[in-house]
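Visitor: requesting a structural model of the entry that follows:
(chains A, B, C and D)
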Protein chains: 2
Amino acid sequence: MNSEDALSQEEETLTIAQMAERTGLSADALRYYEKAGLIEPVGRSAGNQRRYAATDLDWVEFVLRLRATGMSIADMQRFARLRTAGQTTVADRLAFLREHRSGLDERIRALQQNADALDKKIDHYERLLSPQPGTERT
Amino acid sequence: MNSEDALSQEEETLTIAQMAERTGLSADALRYYEKAGLIEPVGRSAGNQRRYAATDLDWVEFVLRLRATGMSIADMQRFARLRTAGQTTVADRLAFLREHRSGLDERIRALQQNADALDKKIDHYERLLSPQPGTERT
DNA sequence: CTAGAACTTGGAGTGCGCTCCAAGTCAAAC
DNA sequence: GTTTGACTTGGAGCGCACTCCAAGTTCTAG
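Guide: Residues are numbered from 1 along each chain as shown, chains lettered A, B, ... in the order given. Now for the predicted structure:
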């Protein structure tokens, strides 16, 4: 019980390669996110190499959730800026997430609807292929 | 009862601008789709201007459903090529749609899961903001 | 018949979200 | 202390799905 999950307090930090492996992002993408302000400047080793803490991992995982739900980098930047600005922005952040959440519901509904339409098309093709309807033997 | 819905047999065809309005695609995008082979070469007026028939409209609407469910243009090209190739490809088309459909299910599930996680984050922010838990009256 | 709006083509340009590269520095193992 | 692999930066390049543009042609209304 050493290296999976919650980053044991002992190991403390991750290199960019370890972070990449854990998050599924490339090292390049992690640097890009940091440069873009999605991730705030991360800790560094004596020799200036990135060292990610557990809190960084949590944040990146949250960012990935926003991304997975279709949020653009520009919008994630906005949220990250609010977060960086401190607790005075909690209400703004809540509003932001609520709005994103409701857009998400809409998108899921639309997807379901399109999935249903696809099912009909699939049925159609299945009928085209099936031997003969109502004429089992001949 | 003249211009909405199913393209009355009388009017017969639509100009590219009318098609754009009906589908929500831009005229440029319609030409791009045609050039890309997503739409087969559409009918032309005497003077070489595009005239879309009802069947073209149906097909574009189907293509839009594929797009809305996340299919890339390259994949839609593949499907369009199968369609153009005739009834011998019906089984292939069915397999194609089934695969797309099952990927779609996965994506919807993932989206739901992320939505749930977002709800937790929202709850978290709500608790941060709410006056005082468990101390309704002071 | 004519003016002006809508259409045609080919090709260049755009925005997004990374990815790749070069040239140099740092870290870990021996 | 040296090698080898991982890391650093800045910036160029890429794939996707369009969008925009220019120069010319066609359509429609009056």
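
Visitor: who's in contact with residue A:34?
Guide: Taking Cβ atoms under 8 Å, 6 or more residues apart in numbering or on different chains, we find residue A:34 in contact with A:40, A:41, A:42. (Glycine included, C-beta is placed from N, CA and C.)

Visitor: could you rerun that using 7 Å?
Guide: By Cβ atoms under 7 Å, 6 or more residues apart in numbering or on different chains, the contact set of residue A:34 is A:41, A:42.

Visitor: now swap in residue A:55 and tell me
Guide: With Cβ under 7 Å, 6+ apart, residue A:55 has no contacts at all.

Visitor: which parts of chain A sit against chain B?
Guide: By the criterion of Cβ under 7 Å from any Cβ of the partner chain, the positions of chain A lying close to chain B are A:65, A:68-69, A:90-91, A:93-94, A:97-98, A:101, A:104, A:108, A:110-112, A:114-115, A:117-119, A:121-122, A:125-126, A:128-129.

Visitor: from these, which land in strands?
Guide: Using DSSP state E, no member of the residues of chain A next to chain B sits in strands.

Visitor: just the buried members of those?
Guide: With burial judged by 16 or more other Cβ atoms under 10 Å in any protein chain shown, the buried subset of the residues of chain A next to chain B is A:65, A:69, A:90, A:93-94, A:97, A:104, A:108, A:111, A:114-115, A:118, A:121-122, A:125.

Visitor: state the pair within these that is farthest apart.
Guide: Across those, the longest distance by Cβ to Cβ is 51.7 Å; it joins A:90 and A:125.

Visitor: residue numbers of chain A in contact with DNA strand D?
Guide: Residues of chain A lying near DNA strand D by Cβ under 7 Å from any atom of the strand: A:15, A:16, A:17, A:18, A:27, A:28, A:31, A:35, A:44, A:48, A:49, A:50.

Visitor: outline the domain layout of chain A.
Guide: A:10-73, A:85-130 (automatic domain parsing).

Visitor: including mean pLDDT, could those domains go into a markdown table?
Guide: Formatted as a markdown table, those follow (pLDDT from 0 to 100):
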| stretch | mean pLDDT |
| --- | --- |
| domain A:10-73 | 96 |
| domain A:85-130 | 96 |
